[in-house]
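Undergrad: Predicted model and sequence follow; I will ask about them next.
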Amino acid sequence: MTAAGGRTGRPPLTEARRTEVRREIARAAVDLFVTHGVTSTTGEQIGRAVGLSARTLWRYFPTKESCVTPLFSEGIDTLTAFLREWPSGEPLDRALDAWLTTGPDLTGGPDEATVRALVRLTRTEPGLRAVWLQTYDEAEPAFARALAERSGLPPDDLRVTIRAAMFNAALRAAVEHYAWRDAAARTPQVARDERATAKRELEATLRQALATAAEGVR
């Protein structure tokens, strides 16, 4: 079929659909990585899991390890939104209570146990570790902009830069602490009540880490 302007083939994907496809790829990749290991997983396998060819898959992500980026970055996005919406002058613990009550997806993934297992893999898989650290490196300017909006300071102000770095480090440390401890006793096939307990543990760890980073922020 030829469009009015002479264009043929499938219509381009909307940005929303591209985002959803990236999420689908990320979910498939993490399931395969956790189940079979990173080395034993290929781009072709990830693509097949979501109905894409390997050639199409590489249009979305440059490497198989980078396929999990949305699972890392979406959790960071929730904190960026919180920092932007944190009312000036309100204590962090009170703001966190209100935020956590809404049930934000702190891991960005469909199953916290699976994402926790993925984070544990970043300890032993250099490719995943690089993606994990790059995600946080790219998140820091977003934290800085959110804190700058809140404080009325320019995003490149040294105080904003340092606070953004502290929040960034606190979030990564909290998630890693949560994911890495008791690793031998945890599997992706946890029961529902265990997942609820795990979420409360993550929230408690995140609260402690951010409270430490936020000392002196008004």
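TA: Arrived safely, thanks for sending.
Undergrad: Low-confidence stretches in this protein?
TA: Along the chain, segments meeting pLDDT under 70 span 1-12, 92-93, 97-112, 182-196, 198-199, 213-218.
Undergrad: tell me the centre residue of it?
TA: The residue lying closest to the centre of the chain (CA atoms, centre = their mean) is residue 72, at 2.3 Å.
Undergrad: Now do the buried residues in the helix or strand in which it is found.
TA: Here residue 72 is covered by helix 69-85, with elements defined by DSSP states H and E. Of the residues in helix 69-85, those with enough neighbours to count as buried (16 or more other CB atoms under 10 Å) are 69-76, 78-80, 82-83. C-beta here means a position set from N, CA and C on the backbone, and glycine is covered the same way.
Undergrad: Would you reformat those as JSON lines and include distance to residue 47?
TA: Formatted as JSON lines, the entries for the buried residues of helix 69-85 read as follows, by distance: CB to CB, whole Å:
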{"residue": "69", "distance to residue 47": "16"}
{"residue": "70", "distance to residue 47": "16"}
{"residue": "71", "distance to residue 47": "17"}
{"residue": "72", "distance to residue 47": "20"}
{"residue": "73", "distance to residue 47": "21"}
{"residue": "74", "distance to residue 47": "21"}
{"residue": "75", "distance to residue 47": "25"}
{"residue": "76", "distance to residue 47": "26"}
{"residue": "78", "distance to residue 47": "28"}
{"residue": "79", "distance to residue 47": "31"}
{"residue": "80", "distance to residue 47": "30"}
{"residue": "82", "distance to residue 47": "35"}
{"residue": "83", "distance to residue 47": "36"}
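Undergrad: At which residues are the helices of this structure located?
TA: Under the criterion DSSP state H, helices of the chain are mapped to 15-36, 43-49, 54-60, 69-85, 92-101, 112-121, 126-151, 158-180, 192-213.
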